[in-house]
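Colleague: structure for this input, please:
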Amino acid sequence: MNATLDSRALAASDAVLADQLAGLRALAPATLLPRTLIGVGLADAYAAIESPIGPLFVAFNGLGVAAVEQAPDGASFERTHVERFGRPAYRVTALPARLAGAIGRRLAGDRRVRIALDLRGRTQFERDVWTKALEIPRGEVRPYGWIAAEIGRPKAVRAVGTALGHNPVPLIVPCHRVVRSDGLIGNYSLGGPHNKRAILSAEGLDPDRLEALARAGIRLIGSDTTRGYCLPSCHAAQRITDRHRVTFRSTAAGHQAGYRACRLCRPGSAVAAA
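Modeller: Numbers count the residues shown, from 1 in each chain. Next comes the predicted model:
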């Protein structure tokens, strides 16, 4: 009898406890799952930013910035994002203040600012190319061959172009500052050559002048006072007055005239001998 009474008392106690726990039950907020997935990189958040070519969408997660893209609207961006990365993107009202500030400083030309990037699945070669592109100053350009030579892969010029075309975070990694090896502006993954020219113009460069020099076979600008030569967009070259400006078709021609390569833009093997 006592065992029976004890069992009934225990069952009643369990029922009371269950009722008390039910009173404490609360639904998790709808944002909990997306925030958790974003934090571990299984989803991305995204927001729009302004740029010289209009609004762009920036996707990010707990590992870093994952994508910078143009799209007609958020729904289009979300569809293409899933196709590219295999994970969803959730729109937020704005980028986190610290990230927005860092991106703003990077676009303004501060190469020292650090922005974490989510580059999962990318090859070491691609990472090397993109890291080198980060060294190009605002308002300057370098040819594909310059990057190939700088990363120790001088014969991989075509592969450098392919890697830049696959850059998932354009503007943050400034692939718009890399031009064709013949000096022409070339294509651009973020909307094509028109956008590339617009961004370079916004940075203070004159794409038409650069291409005019390239078509004339002028690959290097020298100074008859410093006896040094630079790539045409180098800030040192832009300070040379007409009176003291000399031009070369190749590094070999510059050396033959007794000039030395600029230590800032390092023309090196980026300009083939004529």
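Colleague: for this structure, what spans make up the strands?
Modeller: Per DSSP state E, the chain carries strands over the ranges 44-49, 56-61, 64-69, 89-91, 142-143, 178-179, 220-223, 228-230, 245-248, 260-261.
Colleague: which neighbours does the fourth one have in its sheet, and in what orientation?
Modeller: As defined by DSSP bridges, the strand partners of strand 89-91 come to strand 44-49 (parallel).
Colleague: contacting residues around the partner strand?
Modeller: Applying C-beta atoms under 8 Å, 6 or more residues apart in numbering, the contact partners of strand 44-49 are 34, 38, 55-61, 66-67, 74, 77, 81, 85, 87-95, 100, 103. For every residue, glycine as well, the C-beta is placed using N, CA and C.
Colleague: same thing with stretch 236-244?
Modeller: The contact list for stretch 236-244, computed with C-beta under 8 Å, 6+ apart, reads 221-225, 228, 230-231, 262, 264-265.
Colleague: once you drop chain neighbours, what's closest to the residue most central in space within the chain?
Modeller: By C-alpha atoms, centre = their mean, the chain has its centre lying nearest to Val173, at 2.5 Å. Nearest non-adjacent residue to Val173, counting by C-beta to C-beta, 6 or more residues apart in numbering: Trp130, 4.6 Å away.
Colleague: wait, isn't the one you found in contact with Pro170?
Modeller: No - judged on C-beta atoms under 8 Å, Trp130 makes no contact with Pro170 at a distance of 10.0 Å.
Colleague: circling back to that earlier point, identify the residues contacting the residue nearest to Val173.
Modeller: Applying C-beta under 8 Å, 6+ apart, the residues contacting Trp130 are 119, 163-164, 167, 173, 175.
Colleague: which PyMOL command selects the buried ones in those?
Modeller: Paste this into PyMOL to select the buried members of the contacts of Trp130, with burial taken from 16 or more other C-beta atoms under 10 Å:
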select buried, resi 119+163+164+167+173+175
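Colleague: what is the least confident helix or strand in this protein?
Modeller: For the chain, counting by mean pLDDT, DSSP states H and E, helix 2-24 ranks last in confidence among helices and strands (a mean of 58).
Colleague: so what sits opposite Phe60 in the bridge?
Modeller: With DSSP bridges as the criterion, Phe60 is bridged to Ala45, Val65.
Colleague: wait, it touches Leu99, no?
Modeller: Yes - with contact defined as C-beta under 8 Å, Phe60 counts as touching Leu99 (6.5 Å).
Colleague: identify each buried residue in stretch 111-121, please.
Modeller: Residues of stretch 111-121 classed as buried by neighbour count (16+ other C-beta under 10 Å): 115, 117-119.
Colleague: and if you look at stretch 40-58?
Modeller: Neighbour count says stretch 40-58 has 41, 43-49, 51, 53, 56-58 buried, by 16+ other C-beta under 10 Å.
Colleague: name the nearest of those residues relative to Leu200.
Modeller: Ile53 (11.0 Å; C-beta to C-beta).
Colleague: just checking, that closest one touches Tyr188?
Modeller: No - contact criterion C-beta under 8 Å: Ile53 and Tyr188 do not qualify, at 9.7 Å.
Colleague: so what's in contact with the two at the same time?
Modeller: Listed contacts common to Ile53 and Tyr188 are Asn195; contacts here mean C-beta under 8 Å, 6+ apart.
Colleague: who does the nearest residue in space to Glu78 that is not next to it in sequence form a beta bridge with?
Modeller: Excluding the flanking residues, the one nearest Glu78 by C-beta to C-beta, 6+ apart is Ala89, at 5.1 Å. Listed by DSSP bridges, the beta-bridge partners for Ala89 are Asp44.
Colleague: show me what contacts Arg111?
Modeller: Taking C-beta under 8 Å, 6+ apart, we find Arg111 in contact with 134-135, 137.
Colleague: switch these over to CSV; also include distance to Ala149.
Modeller: CSV is the format used below for the contacts of Arg111 (distance: C-beta to C-beta, whole Å):
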residue, distance to Ala149
Leu134, 16
Glu135, 13
Pro137, 18
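Colleague: and the end-to-end length of stretch 105-124?
Modeller: With C-alpha to C-alpha, to the nearest Å as the measure, stretch 105-124 spans 26 Å from end to end.
Colleague: got it, and stretch 164-178?
Modeller: End to end - C-alpha to C-alpha - stretch 164-178 spans 8 Å.
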